[in-house]
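S.K.: could you look at this predicted model? Sequence included:
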Amino acid sequence: MNRDIKQAVRHYIEQNFLVGADTPIADGDSLLQLQIVDSTGFLELVNFVESSFGVKVDDEEMVPENLETLDNIDAFVRRKLAAA
């Protein structure tokens, strides 16, 4: 898969959670600590990742180490795709 995972996720976040904001998010910014996503938004983000990249995020994988930053999401999706 040659798609830029980080760019796709960044675009989704900007369109759905940062509407009207002109503050860019860095690859290592915590989406939770910066209150970009809340618990409901986190589930929406998981749904986006699953539907966009064809991966399944198991309940035990819904942790900050996998999904808190753009870097973490990118690495997580790449691991899931490599294991498929």
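M.R.: Sure, I can see it. Residues are numbered from 1 along each chain as shown.
S.K.: mind listing what the nearest residue to residue 31 once chain neighbours are set aside touches?
M.R.: Nearest residue to residue 31, sequence neighbours excluded (Cβ to Cβ, 6 or more residues apart in numbering): residue 37, at 4.8 Å. From N, CA and C alone the C-beta is placed, and that goes for glycine too. Residue 37 makes contact with 13, 17, 31, 44, 45, according to Cβ atoms under 8 Å, 6 or more residues apart in numbering.
S.K.: report the central residue of this protein.
M.R.: residue 73 (4.8 Å; Cα atoms, centre = their mean).
S.K.: just the buried residues of the helix or strand in which that residue is found, please?
M.R.: Per DSSP states H and E: residue 73 is located in helix 70-83. For helix 70-83, burial by neighbour count (16 or more other Cβ atoms under 10 Å) applies to 70, 72, 73, 74, 76, 77, 80.
S.K.: and the two most separated of these?
M.R.: 70 and 80 (15.7 Å; Cβ to Cβ).
S.K.: what about residue 78, distance to residue 15?
M.R.: 23 Å (Cβ to Cβ, to the nearest Å).
S.K.: give me the distance between stretch 33-42 and the centre of its chain.
M.R.: Here stretch 33-42 is found 11 Å from its chain centre; the criterion is Cα atoms, centre = their mean, to the nearest Å.
S.K.: and it, how far apart are its ends?
M.R.: 12 Å (Cα to Cα, to the nearest Å).
S.K.: next: stretch 22-35.
M.R.: End-to-end for stretch 22-35, by Cα to Cα: 15 Å.
S.K.: who's in contact with that stretch?
M.R.: 6, 10, 13-14, 18, 36-37, 42, 45, 64, 67-71, 74.
S.K.: mind doing that once more with 7 Å?
M.R.: 6, 10, 13, 36, 37, 64, 68, 69, 70, 71 (Cβ atoms under 7 Å, 6 or more residues apart in numbering).
S.K.: count of neighbours near the fourth one?
M.R.: Residues contacting residue 36 under the criterion other Cβ atoms under 10 Å number 18.
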